[in-house]
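Novice: Pasting the sequence and the predicted coordinates here, then a few questions.
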Amino acid sequence: MKKKGFFGGTFDPIHFGHLNLALQLQERCGLDEVYFCPARSSPLKTEQPPTAAAHHRREMVELAIAPIPSFKLLTLELDREGPSYTIDTIRALSREGEWYLILGEDVIHDFARWKEVEQLVTLARPLIGSRTSKMGLPIGCSPQLQKVIEKGTIKIPLVDISSTELRQRLIRGQYCGHLVPEPVLSYINQHALYR
Ligand code: ATP
């Protein structure tokens, strides 16, 4: 059975930090494929909806992953109305292949608040790219969830970029070629995104 990584995010826009996380975890864990799944909107970021339209975020993900054949695009969260819950997506996918959740360490503090998280981690085991081998655990974390997080924490070199910082640089008209792949930057400029 194929080992598949599920990588959800708003990708507003996608950057080298995302690509580095996915590649490092793929190589370390022997994943056959990684599926990038842009969310329509994040249930935990309701006060801050994505800046770029869904079709632009999808296009930028496609451009960024194009050089890596084992990286794929999944559009089912964009095709579905309302906020994107990972459990709903994983339920729809889990019959085919063995799924793993690709996560950055910054999402872990909120992880216990994810919809049906206990069920989610049984359908897709989390792999958490972290600067350290031992991370802080989420508030309200059950002993089972704690075990899953500790087991899935993988120390990798991270690239310290956030989409928030990137958007701010784009607004200020600062150079961003060191933060995003060139085709993504060209797309951003061509469509005057994040101005
Ligand atoms: P924002 O700054 O808008 O909150 P973000 O850069 O954190 O965005 P998201 O699309 O919200 O990007 O993140 C999706 C996933 O990618 C999350 O699991 C997050 O932890 C991870 N991630 C984001 N940036 C990095 C990075 N530089 N290194 C490792 N993981 C990252």
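Specialist: Ah, there it is.

Novice: Now do the strands in this protein.
Specialist: 3-9, 33-38, 71-73, 98-104, 124-130, 153-155 (DSSP state E).

Novice: Could you tell me how far the lengthiest helix in the chain lies from the centre of the chain?
Specialist: For the chain, the helix reaching the highest residue count under DSSP state H is reported as helix 16-29. Centroid separation between helix 16-29 and its chain, computed with CA atoms, centre = their mean, to the nearest Å, is 10 Å.

Novice: looking only at pLDDT, what's the mean for that helix?
Specialist: Summarised as a single mean, pLDDT over helix 16-29 is 98.

Novice: Run through the residues of this protein sitting next to the ligand.
Specialist: 9-12, 17-18, 21, 103-104, 106-107, 129, 158-164 (CB under 6 Å from any ligand atom). Every residue, glycine included, has its C-beta placed from N, CA and C.

Novice: In PyMOL, how would I select just the buried ones from those?
Specialist: Restricted to buried positions by 16 or more other CB atoms under 10 Å, the PyMOL selection for the residues of the chain next to the ligand reads:
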select buried, resi 9+10+11+12+17+18+21+103+104+107+129+158+161+163
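
Novice: now the strands of the chain as TSV including mean pLDDT?
Specialist: Compiled in TSV, these are given as follows (pLDDT from 0 to 100):
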stretch	mean pLDDT
strand 3-9	97
strand 33-38	98
strand 71-73	98
strand 98-104	98
strand 124-130	97
strand 153-155	95
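
Novice: could those strands go into CSV alongside distance to residue 187?
Specialist: Listed next are the strands of the chain as CSV, based on distance: least, CB to CB, whole Å:
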stretch, distance to residue 187
strand 3-9, 17
strand 33-38, 14
strand 71-73, 15
strand 98-104, 23
strand 124-130, 26
strand 153-155, 31
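
Novice: Tell me which of those strands lies nearest to residue 183.
Specialist: Residue 183 lies closest to strand 71-73 among the strands of the chain, at 14.0 Å (CB to CB).

Novice: Run the chain-centre distance for the closest one.
Specialist: 12 Å.

Novice: Which strands or helices does that strand pack on?
Specialist: strand 33-38, helix 54-65 (3 or more CB pairs under 8 Å, 6 or more residues apart in numbering; DSSP states H and E).

Novice: So which of the ones you listed is the most surrounded?
Specialist: Using mean count of other CB atoms under 10 Å, the stretch among those with the largest mean neighbour count is strand 33-38, at a mean of 23.
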